[in-house]
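Student: This is the structure alone, sequence omitted:
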């Protein structure tokens, strides 16, 4: 018999269950916040902003296609960091104030190094898309996973360019070649130069090395040392500011080697404005894959370019953006496979990935080694031609042939 007391109890129970269900749905709809640690002020702000803009593009895409991740819309939250110390502060603020559950970055390796250690202190995943220094994965941090390029990748590709593009056009055997390596002296530039030196010497090339601070305001001594070595190829690795400074100093000091190669940067409008199209003609660039690579090499690269143009009304600021977009996509796939944002679960999901080269817009695949480095992320070589940057190597990625080698 249904008594008043029984009915009241049933009504209370139903109300409670409704409240729990409503709370659960509200909780599920809460954004999954991902903190983007990058420089948004100072000299690197243009490029930190570009990297994060493309995270936001990837988030917008997955939100539209799938409603987000794990049933929750993805929200990118910015944490400004122009130095290692600011990287630590950004992580603390993003987690403590903003409630982010994953950290992602980073335009500069030194910032990534400090920020990822801070993330580990909070038990959070740090997913790297752009910083390349070797020591980032060599530390063995369990929360650090790099979907993008590593220093050795830049080292190998630049040496391929030296041997396959430059030496052949100068009609020289490797044993007849001389190369000068100039690099900024942080972990980023040093680790790339170390890989370049090792691989070039293994090929029989004569190698000289110089170093400078990316904060330098006068690099004349660096240019004079390189000029005195009279190399066939001058390779510089740095950030945008010091690279532009080096190129201007080389021009002013009359240092004109038969071939010039810039690693990691030197391929944006900022360098074009600083040096001019005439001087840059023929300069080679070891670069993050660009949106002009062939569709056979990077399927979807044309669609990325159209998506970017539709969203921002212009072409990408730098190729690091498409690499960031792809890095975010790989993160989303790993989180979906893990069914969790916990770094150990995501790491296991990443290790299980086995996607061939050419699976993403950059030409990347996804295969993570024991250090949680993606072994299927590689740079391309581009070249300044007529005031524009064109992909020239490997052949399957090229949108143009190599020109002006040796440089006129």
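Tutor: Sure, I can see it. Since this is a predicted model, take the numbers as computed values, not measurements.

Student: only C-alpha atoms for contact and neighbour calcs from this point on.
Tutor: Noted.

Student: OK, contacts around residue 114?
Tutor: Each residue near residue 114 by CA atoms under 8 Å, 6 or more residues apart in numbering is listed here: 84, 85, 87, 88.

Student: Redo those as JSON lines? Include secondary structure, neighbour count and distance to residue 173.
Tutor: JSON lines is the format used below for the contacts of residue 114 (DSSP: H, G, I helix; E, B strand; the rest coil; neighbours: other CA atoms under 10 Å; distance: CA to CA, whole Å):
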{"residue": "84", "secondary structure": "helix", "neighbour count": "17", "distance to residue 173": "43"}
{"residue": "85", "secondary structure": "helix", "neighbour count": "13", "distance to residue 173": "47"}
{"residue": "87", "secondary structure": "helix", "neighbour count": "28", "distance to residue 173": "46"}
{"residue": "88", "secondary structure": "helix", "neighbour count": "21", "distance to residue 173": "48"}
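
Student: quick check, nearest of those residues to residue 368?
Tutor: Within these, proximity to residue 368 (CA to CA) peaks at residue 87, which comes in at 25.3 Å.

Student: dump the residue contacts of that closest one.
Tutor: Residue 87 touches 37, 38, 80, 81, 111, 112, 114, 115, counting by CA under 8 Å, 6+ apart.

Student: Against residue 193, how distant is the residue sitting nearest the centre point of the chain?
Tutor: By CA atoms, centre = their mean, the chain has its centre lying nearest to residue 130, at 2.0 Å. In this view, residue 130 and residue 193 are 18 Å apart by CA to CA, to the nearest Å.

Student: And the strands in this protein?
Tutor: 32-38, 74-80, 102-105, 125-128, 144-146, 178-184, 206-212, 233-237, 259-263, 284-287, 380-385, 388-393 (DSSP state E).

Student: Domains in this protein, by residue range?
Tutor: 31-149+298-377, 152-287+381-397 (automatic domain parsing).

Student: show me where the stretch 201-350 of the chain has helices.
Tutor: Shown for the stretch 201-350 of the chain, the helices assigned by DSSP state H, counting those that start in this stretch span residues 220-229, 240-252, 269-275, 277-280, 301-312, 320-338, 343-351.

Student: Give the buried residues for the last one.
Tutor: This points to helix 343-351. 343, 344, 345, 346, 347, 349, 350, 351 (16 or more other CA atoms under 10 Å).

Student: who's in contact with the first one?
Tutor: If I follow you right, that is residue 343. So residue 343 contacts 123, 124, 125, 126, 142, 143 (CA under 8 Å, 6+ apart).

Student: Repeat that for the last one.
Tutor: The contact partners of residue 351, taken as CA under 8 Å, 6+ apart, are 367, 368, 369, 370, 372.

Student: Can you give me the distance of the second one to residue 376?
Tutor: Distance, residue 368 to residue 376, by CA to CA: 8 Å.

Student: again, but for the third one
Tutor: Here residue 369 is placed at a distance of 10 Å from residue 376 (CA to CA).

Student: ok, those two, which is more surrounded?
Tutor: Neighbour totals were compared for residue 369 and residue 376, and residue 376 leads with 22 against 14 (other CA atoms under 10 Å).

Student: Just to check, the more buried one is in contact with residue 356?
Tutor: Yes: shown here, residue 376 and residue 356 form a contact pair, counting by CA atoms under 8 Å, at 7.5 Å.

Student: Overlap of the contact sets of these two?
Tutor: 364, 365, 366, 367.

Student: Which of these ranks first by neighbour count?
Tutor: residue 364 (28 neighbours).

Student: Distance check, that residue against residue 131.
Tutor: 16 Å.

Student: and which of the buried residues of helix 343-351 is nearest to residue 276?
Tutor: Nearest member of the buried residues of helix 343-351 to residue 276, counting by CA to CA, is residue 350, at 43.1 Å.

Student: Quick check: closest non-adjacent residue to the closest one.
Tutor: Nearest in space to residue 350, with sequence neighbours left out and distances taken as CA to CA, 6 or more residues apart in numbering, is residue 334 at 5.5 Å.

Student: Got the confidence number for that neighbour?
Tutor: For residue 334, the pLDDT comes out at 98.

Student: show me what contacts it?
Tutor: 346, 347, 349, 350, 353.

Student: ok now stretch 194-205, how far from the chain's centre?
Tutor: Put simply, stretch 194-205 sits 24 Å off its chain's centre (CA atoms, centre = their mean, to the nearest Å).

Student: Check stretch 170-185 too.
Tutor: With CA atoms, centre = their mean, you get 26 Å for stretch 170-185.

Student: same check, this time on stretch 305-315
Tutor: For stretch 305-315, the distance to the chain centre is 19 Å (CA atoms, centre = their mean).
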